[in-house]
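Kindly return the folded structure for what I paste below:
(chains A and B)
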There are 2 protein chains.
Amino acid sequence: MPDTPFPPGASAVSDASGAASGASLAALDDARGDGLSETLISSETVYRGHFLHAKHDRVRLPDGREASREYVVHPGAVMVVPLLPDGRLVMERQFRYPVGMTMIEFPAGKFDPGEGALACAQRELREETGYVARRWARAGLMHPVIGYASERIEVWFADELTLGERHLDDGEFLDVFTATQQELEGWMRDGLLTDAKTIVGMMWLRQWRAGVWPLDWQAV
Amino acid sequence: MPDTPFPPGASAVSDASGAASGASLAALDDARGDGLSETLISSETVYRGHFLHAKHDRVRLPDGREASREYVVHPGAVMVVPLLPDGRLVMERQFRYPVGMTMIEFPAGKFDPGEGALACAQRELREETGYVARRWARAGLMHPVIGYASERIEVWFADELTLGERHLDDGEFLDVFTATQQELEGWMRDGLLTDAKTIVGMMWLRQWRAGVWPLDWQAV
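Numbers count the residues shown, from 1 in each chain, chains lettered A, B, ... in the order given. The predicted structure follows:
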């Protein structure tokens, strides 16, 4: 997946990576003239680091006035919910510097340029945990930080796992462990699991296992 | 709540705003020497806009080498799950420029300097929706973007609502509407509700109504 196209609105409507529902809703909103949309006037990059890319745009508000919008441009990411044969989940513990804590998370990572979602999911699962899955299902999409980043995270389920060898990125440190749905839900209730993307994955897991949110599996 | 203290780790361990569980876990990890933590070497502000504040730190990795960390400094926020007497939820539709779409969300907003969490929750609910609640309960904490922002969002439930007058910030445009839990869960399944913080709130709602995640209510 390439860098998010500009302006951000174009990304939501035109890309083909699976956000059809949200994109349709946005298109419908625009068609309706819902009185909420903002349109681009001008844009500049205000910071481009090794990792962060920030923009400052001037926009036209629904009432015709102008305003500033500052946000992080993000290539998008994939998160994997990896299911073991006994029902346990493959999880990671990783120190996350911006929050200063070691966090419990599902495996996840950013798209490489031009990479498809399933390929990214397979790569991140293999590199970070060593697991390879024979069946995959795309559950859905989430937007983790709609106030100040373009990031979107695809949620994929991985089943029929076999364990190989992991290959962490240089300078990447994380522990892999397994947990039951019940353990993870207890940690969420008790404030020990607070990563929002992982909680969204747990919502999908719960609803899928309850038979109310179906998954469409594909063999690879 | 003041700006996030520096370094980020200090925030997790020392603040008193209610993240005791996560903080204890982090403290425990440090005491154990879990081999994952990173420590500050140097820090600089690389961008300070009207809204975004970004830093670039040099850190010491667990293996002794150095690395860069770039992230957004955020004051923290509160999200409100507002319960109507008939069981419906008070929701918002708001155009979110960084993702280029109109999003379905629970009411939420950032802490003003020195503001307590309940005061922030009351203010945001009243300003954005016009509702005032007689009973409040703090459900928990989430971290929406652990890869590149210090943001933490407290989740509060608001009950026994009465409708007053709303007072949007200048330049703020949003629609207020109501929906049932079942409608919201259907939109999540179908990809029409993709805001991660709101999905986390829905997880709390589902688990609380199922009787498995209790809430401790306080009258105000």
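
Mind listing the residues bridging to the spatially most central residue of chain A?
Taking C-alpha atoms, centre = their mean as the criterion, residue A:153 is the residue nearest the geometric centre of chain A, at 1.7 Å. The partner list for residue A:153 in beta bridges (DSSP bridges) reads residue A:77, residue A:142.

got the contact list for it?
Listed by C-beta atoms under 8 Å, 6 or more residues apart in numbering or on different chains, the contact partners of residue A:153 are A:76-79, A:108, A:141-144, A:197, A:200, B:196. For the C-beta atoms, the positions are set from N, CA and C on the backbone; glycine is no exception.

go on, residue A:207?
For residue A:207, counting by C-beta under 8 Å, 6+ apart, the contacting residues are A:213, B:185, B:189.

Now neighbour count, secondary structure and distance to residue A:220 too, for those, in CSV please.
Supplementary listing: the contacts of residue A:207 in CSV, determined by neighbours: other C-beta atoms under 10 Å in any protein chain shown; DSSP: H, G, I helix; E, B strand; the rest coil; distance: C-beta to C-beta, whole Å:
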residue, neighbour count, secondary structure, distance to residue A:220
A:213, 19, coil, 22
B:185, 20, helix, 29
B:189, 19, helix, 24
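
quick one: the strands in chain A?
Defined through DSSP state E, the strands belonging to chain A, from first to last, are A:39-48, A:53-60, A:66-72, A:77-82, A:89-96, A:101-105, A:108-110, A:131-142, A:153-163, A:175-179, A:217-219.

The second one near chain B anywhere?
Yes. Counting by C-beta under 8 Å from any C-beta of the partner chain, contacts between strand A:53-60 and chain B involve A:54, A:56-57, A:59.

ok, and the most crowded of those residues?
In terms of neighbour count, residue A:54 stands highest of the residues of strand A:53-60 next to chain B at 23 neighbours, by other C-beta atoms under 10 Å in any protein chain shown.

so how far is residue A:164 from it?
Between residue A:54 and residue A:164 the distance is 38 Å, computed by C-beta to C-beta, to the nearest Å.

list the contacts for residue A:180?
With contacts taken as C-beta under 8 Å, 6+ apart, residue A:180 has the following neighbours: A:87-89.

And it, how close does it get to residue A:81?
The separation that residue A:180 has from residue A:81, given C-beta to C-beta, amounts to 13 Å.

Which residues are in contact with each of those two?
Shared contacts of residue A:180 and residue A:81, counting by C-beta under 8 Å, 6+ apart, come down to residue A:89.

Roughly how far does the spatially closest residue to residue A:187 that is not a sequence neighbour sit from residue A:154?
Computed as C-beta to C-beta, 6 or more residues apart in numbering or on different chains, the closest residue to residue A:187 that is not its neighbour in sequence is residue A:193, at 4.0 Å. If you measure residue A:193 against residue A:154 using C-beta to C-beta, the figure is 21 Å.

How about residue A:134?
Applying C-beta to C-beta, one obtains 19 Å for the distance of residue A:134 from residue A:154.

So if I had to pick from those two, which one is more boxed in?
More neighbours sit around residue A:154 than around the other of residue A:134 and residue A:154, counting by other C-beta under 10 Å; the figures are 24 against 12.

For the more buried one, list the residues it contacts.
The neighbourhood of residue A:154, defined by C-beta under 8 Å, 6+ apart, consists of A:17-18, A:76-79, A:117, A:121, A:138, A:140-141.

Same list, the residues you listed, but as CSV with neighbour count and pLDDT please.
Compiled in CSV, these are given as follows (neighbours: other C-beta atoms under 10 Å in any protein chain shown; pLDDT from 0 to 100):
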residue, neighbour count, pLDDT
A:17, 15, 36
A:18, 15, 34
A:76, 23, 97
A:77, 22, 98
A:78, 27, 98
A:79, 24, 98
A:117, 20, 97
A:121, 28, 98
A:138, 19, 98
A:140, 25, 97
A:141, 21, 98
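
Could you tell me how many residues sit around the residue lying closest to residue A:128 once chain neighbours are set aside?
Leaving out its chain neighbours, the residue that sits closest to residue A:128 by C-beta to C-beta, 6+ apart is residue A:107, at 4.8 Å. Residue A:107 has 26 neighbours, counted by other C-beta under 10 Å.

Just confirm residue A:107 contacts residue A:89, I think it does.
No. Taking contacts as C-beta atoms under 8 Å, residue A:107 lies outside contact range of residue A:89: 10.1 Å.

between these two, what contacts are shared?
Taking C-beta under 8 Å, 6+ apart as the contact definition, residue A:107 and residue A:89 share the neighbouring residues residue A:82.

Domain map for chain A?
Residue ranges for each domain of chain A read A:8-72, A:77-219, as given by automatic domain parsing.

Which one, of those domains, ends up nearest to residue B:176?
When the domains of chain A are ranked by proximity to residue B:176, the top entry is domain A:8-72, at 11.9 Å, counting by C-beta to C-beta.

residues of stretch A:202-220 that come out buried?
Residues A:202-208, A:213, A:215 are the ones in stretch A:202-220 that count as buried (16 or more other C-beta atoms under 10 Å in any protein chain shown).

Give me the distance between the two termini of it.
24 Å (C-alpha to C-alpha, to the nearest Å).

cool, stretch A:45-59 as well?
According to C-alpha to C-alpha, stretch A:45-59 extends 15 Å from its N-terminal end residue to its C-terminal end residue.

Ok, stretch A:103-112 next?
OK, stretch A:103-112 end separation, C-alpha to C-alpha: 24 Å.

Please state the offset of it from the chain centre?
In terms of C-alpha atoms, centre = their mean, to the nearest Å, the centre of stretch A:103-112 is set 8 Å apart from its chain centre.

What mean pLDDT does that stretch get?
Stretch A:103-112 comes out with an average pLDDT of 97.

How about stretch A:37-55?
95.

cool, stretch A:198-214 as well?
For stretch A:198-214, the per-residue pLDDT values average out at 98.

Check the contacts of residue A:180 against residue B:37 and report the nearest one.
Closest approach to residue B:37 among the contacts of residue A:180 (C-beta to C-beta): residue A:89, at 24.1 Å.

My read is that the closest one contacts residue A:83, right?
Yes. Counting by C-beta under 8 Å, residue A:89 sits close enough to residue A:83 to count as a contact (6.7 Å).

burial of the residue nearest to residue A:167 when sequence neighbours are not counted, as a residue count?
Nearest in space to residue A:167, with sequence neighbours left out and distances taken as C-beta to C-beta, 6+ apart, is residue A:127 at 5.0 Å. Close neighbours of residue A:127, defined as other C-beta under 10 Å, add up to 16.

What of residue A:51?
By other C-beta under 10 Å, neighbour count at residue A:51 equals 14.

That one against residue B:67, yeah?
No. Contact status for residue A:51 versus residue B:67: not in contact, 10.3 Å apart, counting by C-beta under 8 Å.
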